[in-house]
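Asks: sequence and predicted structure, then a few things I'm wondering about:
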Amino acid sequence: MPGKVYPYLLRHTLITKLQKDPRIPMAILKKFVGHKQSSNVLATYTHLSQEEVKDIQLIHNGKEIKREKKEERMPITCPNCKKTSEYDSEICVHYNLR
């Protein structure tokens, strides 16, 4: 993995991925990460696309997600540093770790 890796980055990545899982209630996630139920800190970890919000709504309502097969995923180019990251990167591992 390129760039500097530190505990907060690992925690942030894990919480972001868990937060996207519609099977994990927010109350459980807050307890898991050690936040009070009244805390709004988890909003910091929210990086949901419109498509992900739609998927969560469909899953929550018991609907099946139907999609056409997409083209092969391509690496993402950071608009700031112009370096490429993995296709599923939440953040630029080059730019955000300087």
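Replies: In hand now; what should we look at?

Asks: mind listing what's buried in the helix or strand hosting Leu18?
Replies: According to DSSP states H and E, Leu18 maps onto helix 7-19. Neighbour-count burial for helix 7-19, counted by 16 or more other Cβ atoms under 10 Å, picks out 9, 12, 15-16, 18-19. In this view, the C-beta of every residue, glycine as well, is placed from N, C-alpha and C.

Asks: and the next helix or strand past it?
Replies: Later in the chain than helix 7-19, the nearest helix or strand by DSSP H and E is helix 26-33.

Asks: just to revisit the earlier point, which single one of the buried residues of helix 7-19 is nearest to Cys81?
Replies: Closest approach between these and Cys81, by Cβ to Cβ: Leu9, at 16.6 Å.

Asks: which residues in this protein form strands?
Replies: In the chain, strands defined by DSSP state E lie at 76-77, 84-85, listed in chain order.

Asks: measure Pro22 to Leu9 for me?
Replies: 24 Å (Cβ to Cβ, to the nearest Å).

Asks: kindly report the same for Leu18.
Replies: For Leu18, the distance to Leu9 equals 15 Å [Cβ to Cβ].

Asks: please pull out the lowest mean pLDDT helix or strand from this structure.
Replies: Every helix and strand of the chain was ranked by mean pLDDT, DSSP states H and E. The lowest is strand 84-85, at a mean of 72.

Asks: same for that one, what does it pack against?
Replies: Contacts defined by 3 or more Cβ pairs under 8 Å, 6 or more residues apart in numbering; DSSP states H and E place strand 84-85 against strand 76-77.

Asks: pLDDT at the closest residue to Lys20 other than its chain neighbours, what is it?
Replies: Of all residues beyond its chain neighbours, the one nearest Lys20 is Glu52 (6.2 Å), with distances taken as Cβ to Cβ, 6 or more residues apart in numbering. Predicted confidence (pLDDT) for Glu52: 75.

Asks: no further queries at this time; thank you.
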